[in-house]
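Asks: the sequence isn't on hand, but the structure is:
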């Protein structure tokens, strides 16, 4: 086995000795290769998403890692597992390109979000091909046989079909296309595939530090997240950070009849409502003192980039039944340049037919703060706690005991979850410009998004390794990621191959 | 069977021909009778609470009604079912007292609140006797044999042990004690036992109207609710009304990733929090214009009555872990003279480990308004809707369709549930004074509460029949009514017999 693998690697490296085009691999070459290989590419992706991939499901997450090792080695990439105690392994690969000056690491993750099978139309780890989206009445298609093709609007349904196994298959298939065309990447490539991104990347920092030497590189490309809602490919220069928290406000220690004791015993649900409305106005502006400290004004370059982004707000609003959006219908890309306080959940007593005539014992809110660069998580945590205290609440971090409840009129428990700051690269930084140029050369006009509204742990990469990071997503925005019926639009997989082959071949020339 | 029953009735009526004491049956006589009959009384109550009694469970609720008919007829009371289409029957009884001038109807209900068996220590309809309360480590006692006694702090656990089957057993056992002493009631007695009080008394008005002739009487005694927290017996002159409502505020029609779309798409949980905090300040004062219209100032008689009520606030606060109560620690009896807006429940998205990074599609609040007399439910409903509109919300009563969502920036759905106004009798009205005198003569100092914080449908009685109503509760305040592990303190059952025998024998003399 081992000698066969070595032989493959040599053969592949030999093929790659052919010179790279200076302006990237042409779209036509990649599309031609892909049209002949759709069956194989889909079979590889379907086989990969068929392995359950919760970070907490150790036997299956290890199966994913082994499977991925095989996918890399089959292509002559030198691959190994990077172990960190208590964490799923990261899968590492190294593909030097003779003559290249620079090294780029491609990041993706192979673990997926938890599933609630009851909400899925088909089992989450049983890949199903539909001719169009489920909500448009999509009907099942057979997987294609060798040489057969599939409509490009078809979708593959499975957990992680989009987030985040599609980019892995797209980048490896792009390498296959290069090999078929006798072209080699213009930079040395390394691969770092994380196995617990959906579990808050709890060991990412430790893993990067342990394997710092292996991960020597000039820059990282972070392959995660959806493309623009206009369906244009996009390059993203940063991501908002995130600081999740849970608030609990207390009422009587046992539920009291709200007729006999209403407007005598404090009502925690009403207190929580007042507290939340003191933190954020109905139009989304956060009213916590110090919250906006360090938030940089929108730069001219940001404005220029936003002006070039296709305006999808009206169509988006219609598609989700909204008559207006916050802050006087300010455009989405501008809104996500600002930090946010999102209320993700509220719970107190019961509503509807289950509602009892009772003052609840507690009321809870689940919140996340979305941070833009230069906001410090610790400073925000302190600002939030100061605000809570300023509203007359005694702030605790554990369940208050009876003595504490009897000593303080109003108590709020704050539970801080792991989080990380926002980060972004200047859009005119050389690597950032090179990525945008290589992608646009390959696929045509792209969206240059100053910052991703969602949060990915690129701050951990930058803090630990100090190298520039740019986000290059390829999957459709309407992919139900994190929810039931996650799906990948096949056209995005095909275009993703064009994006990666363009990056591999075009990056060196665009990067002075 | 029929002739035997008739014979019993005649025999019982004959016994009751003996003259009533002018100042009520003595406590000693009732207690002496009871000490010899504890086993029989508890057996009767246990047999009654062993029949599941949800108003919606038609076969079982009919079994309750039949069982109760038997309990009345065994005592020579002429009894029948009063049917109303679509409703559980009311159980009616008639016990004339030769020579009496006036007629009093005793109201109680035999249906109970829904149960969540998972939260009960023992099955809800399997009566269990404990030597003290569950939370104090109560241990099971065997039911007593004939002539045996039970500690008076023992408690009977079962759904409706307290609410509201205990008063029925107490009043019938009081009649047994009278008969044993050869004493007859000083007023004609009628009995009206409702079978759907816990289902909002949906057919009570219709039932009273249908059977108006049978229910001719001078006054009603409403036997429901708990006694005072000091454990003194109490007489109550009114009850707050109730108007329940559900509010739903809408966000995007499908949950959106709150990173990518946070502070662009309106967040319904945050909107609901702002809306609720616009309706009620953190200290319980309702901030809806017009809400306090018609609320009468506290009268001198009210103040005098409150001053005479034992002050249990500090002990109550300690027992439920509260460092303070609303409105600067104003006393409970004063607080329930005012109307209230209680938030019973909140629900949006998920909290804790289940929280997803999503903007929820809707947020819900379950509310009840507690009304004092002279507040009109319809006027309050209009005031609430005006307030919601004033906060910029388009008010609807059904699920909004897409066109409606696209036409209105902020939509709130209001679902009004059946409710009824508050009501009270002047404390110096002749019947009200007579009840207080008769009860106090029998059991010693009582609490005279101007109004019950909870709501019972006495407004329906008064509106329909136009007769005075006074509330005479007998069960312990710490009875977990409406919740799991409902229980009755036996001392309250025994004292309840004294209350009823005192009323039956002493009412005429105290009532000019």
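Replies: That came through fine. Source: prediction; values computed, not measured.

Asks: what are the boundaries of the helices in the stretch 151-300 of chain A?
Replies: For the stretch 151-300 of chain A, helices defined by DSSP state H, counting those that start in this stretch occupy the ranges A:165-181, A:204-210, A:268-279, A:300-308.

Asks: in terms of mean pLDDT, which of those ranks lowest?
Replies: For these, mean pLDDT drops lowest on helix A:300-308, to a mean of 82.

Asks: for that helix, packing partners?
Replies: helix A:332-335, strand A:447-449 (3 or more CB pairs under 8 Å, 6 or more residues apart in numbering or on different chains; DSSP states H and E). Backbone N, C-alpha and C define where each C-beta goes, glycine included.

Asks: need the contact list for the residue nearest to the spatial centre of chain A.
Replies: By CA atoms, centre = their mean, chain A has its centre lying nearest to residue A:225, at 4.3 Å. By CB atoms under 8 Å, 6 or more residues apart in numbering or on different chains, the residues touching residue A:225 are A:236, A:239, A:452, A:454, A:456, A:471, A:473, A:475.

Asks: go on, residue A:227?
Replies: A:233-234, A:447, A:473-477, A:492.

Asks: and for residue A:419?
Replies: So residue A:419 contacts A:241-244, A:369, A:371, A:377 (CB under 8 Å, 6+ apart).

Asks: quick one: mark the members of the residues you listed that sit in strands.
Replies: A:241-244, A:369, A:371 (DSSP state E).

Asks: contacting chain B as well, which ones from the residues you listed?
Replies: A:242, A:244 (CB under 8 Å from any CB of the partner chain).

Asks: buried subset of the ones in strands among the contacts of residue A:419?
Replies: Among the ones in strands among the contacts of residue A:419, those scoring as buried are A:241-244, A:369, A:371 (criterion: 16 or more other CB atoms under 10 Å in any protein chain shown).

Asks: show me what contacts residue A:189?
Replies: Taking CB under 8 Å, 6+ apart, we find residue A:189 in contact with A:93-95, A:97, A:103-106, A:504.

Asks: in the sheet, who's paired with it?
Replies: residue A:95, residue A:104 (DSSP bridges).

Asks: and it, how far from chain B?
Replies: 29 Å (CB to the nearest CB, to the nearest Å).

Asks: that residue and residue A:100, how far apart?
Replies: 9 Å (CB to CB, to the nearest Å).

Asks: likewise for residue A:343?
Replies: 49 Å.

Asks: give me phi/psi at whichever residue of the stretch 401-512 of chain A sits closest to chain B?
Replies: Of all residues in the stretch 401-512 of chain A, residue A:454 sits closest to chain B, at 3.1 Å by CB to the nearest CB. Dihedral pair for residue A:454: phi -70, psi 170, per degrees, to the nearest 10.

Asks: any chance of the contacts of residue A:225 in CSV, with neighbour count too?
Replies: What follows is the contacts of residue A:225, written out as CSV (neighbours: other CB atoms under 10 Å in any protein chain shown):
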residue, neighbour count
A:236, 29
A:239, 32
A:452, 25
A:454, 24
A:456, 28
A:471, 26
A:473, 28
A:475, 28
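
Asks: gap between the spatially most distant residue from the centre of chain A and residue A:55?
Replies: The C-alpha centroid of chain A is most remote from residue A:260, which lies 49.9 Å away (CA atoms, centre = their mean). Counting by CB to CB, the gap from residue A:260 to residue A:55 is 49 Å.

Asks: and for residue A:430?
Replies: 35 Å.

Asks: which one's more surrounded, the two?
Replies: The residue with more neighbours, out of residue A:430 and residue A:55, is residue A:55; 26 against 13, by other CB atoms under 10 Å in any protein chain shown.

Asks: can I assume the more buried one is in contact with residue A:201?
Replies: No - using CB atoms under 8 Å, residue A:55 makes no contact with residue A:201, being 9.6 Å away.

Asks: okay, now the domains of chain A?
Replies: A:2-236+A:456-510, A:241-295+A:338-416 (automatic domain parsing).

Asks: possible to save these as TSV with distance to residue B:229?
Replies: As requested, the domains of chain A are arranged in TSV below (distance: least, CB to CB, whole Å):
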stretch	distance to residue B:229
domain A:2-236+A:456-510	45
domain A:241-295+A:338-416	9
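
Asks: mean pLDDT lowest for which of these?
Replies: domain A:2-236+A:456-510 (a mean of 91).

Asks: nearest spatial neighbour of residue A:226, skipping sequence neighbours?
Replies: Distance criterion CB to CB, 6 or more residues apart in numbering or on different chains; nearest residue to residue A:226, sequence neighbours excluded, is residue A:477 at 4.2 Å.

Asks: the one you found - how many residues pack around it?
Replies: 21.

Asks: tell me the secondary structure at it.
Replies: coil (DSSP: H, G, I helix; E, B strand; the rest coil).

Asks: show me the contacts for it.
Replies: Residues near residue A:477 by CB under 8 Å, 6+ apart: A:226-229, A:231.
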